[in-house]
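> Got a predicted structure here, sequence first:
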Amino acid sequence: EAGVTQSPTHLIKTRGQQATLRCSPISGHTSVYWYQQALGLGLQFLLWYDEGEERNRGNFPPRFSGRQFPNYSSELNVNALELEDSALYLCASRNPYRGGGYTFGSGTRLTVV
Amino acid sequence: AQSVTQPDIHITVSEGASLELRCNYSYGATPYLFWYVQSPGQGLQLLLKYFSGDTLVQGIKGFEAEFKRSQSSFNLRKPSVHWSDAAEYFCAASRRGTGFQKLVFGTGTRLLVSP
């Protein structure tokens, strides 16, 4: 069974640009969670998508957004990049109807210069 | 508010020695509990999880964890540490049930293994 896959592995952007990060969940998982791991700030919940809809978001500004496609893959967009957006962005998937464990991808390292 | 606390930021253990990483949680009801490991620059790998039943949970790589309701704790243990265990370890919890259950993480414990 393939795990959660994220792309790209690394991304370097200039302040003010937009970044797009992608995530493919485990087959059969309909929920995708995005987390940000910034230096010194720990793992912070960003967004939850399920069945194509944004269901919940963490304490992040609206320039963090995304979507979920019919095949349950997801995209995270970060607009108007700021230096402090530099972080490891992790995606996790879970079957929300069975509860239980979250499986994480290897992450996308976003660097804003 | 729901929270997970890992009181130790760094721990150094000699190779071959035993290990215990502490984790305490604060939830209204017993949550689901998890331990993840993260190597530098990598994602999170699930070591083990507790949902219900036996309070001693076995995981991968020789790790185990014990759930103690009376202490609101879920400590991770390994009887003999290997140099490859050096990494950052995160305890996490989520409320029970289906639907949206945000995973709340502790701040992590960095394990250093000395020769």
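Great, that's in hand. Residues are numbered from 1 along each chain as shown, chains lettered A, B, ... in the order given.

> Name the secondary structure element that contains the residue nearest in space to the middle of chain A.
Nearest to the geometric centre of chain A sits residue A:34, at 3.3 Å (Cα atoms, centre = their mean). Using DSSP states H and E, residue A:34 maps to strand A:31-38.

> Pull out the buried positions in that strand.
Across strand A:31-38, burial judged by 16 or more other Cβ atoms under 10 Å in any protein chain shown covers A:31, A:32, A:33, A:34, A:35, A:36, A:37. C-beta: built from backbone N, CA, C; applies to glycine.

> what about it, distance to the chain center?
How far strand A:31-38 lies from its chain's middle: 4 Å, per Cα atoms, centre = their mean, to the nearest Å.

> Could you list the residues in contact with the helix or strand that it is followed by?
The first helix or strand that comes after strand A:31-38 along the chain, using DSSP H and E, is strand A:42-50. Strand A:42-50 is contacted from outside by A:30-38, A:54-60, A:64-68, A:74, A:76, A:89-90, A:96, B:90, B:100, B:102-105, B:107-108, using Cβ atoms under 8 Å, 6 or more residues apart in numbering or on different chains.

> strand partners of strand A:42-50, parallel vs antiparallel please.
Strand pairing for strand A:42-50, determined by DSSP bridges: strand A:31-38 (antiparallel), strand A:53-57 (antiparallel).

> picking up where we left off before, what's the closest of the buried residues of strand A:31-38 to chain B?
residue A:33 (7.0 Å; Cβ to the nearest Cβ).

> Run through chain A and note the low-pLDDT ranges.
A:1, A:96-100 (pLDDT under 70).

> what's the answer for chain B, then?
B:98-100.

> got the residues of it near chain A?
When proximity is defined as Cβ under 8 Å from any Cβ of the partner chain, chain B approaches chain A at B:32, B:34, B:36, B:41-46, B:49, B:51, B:90, B:94, B:96-105, B:107-108.
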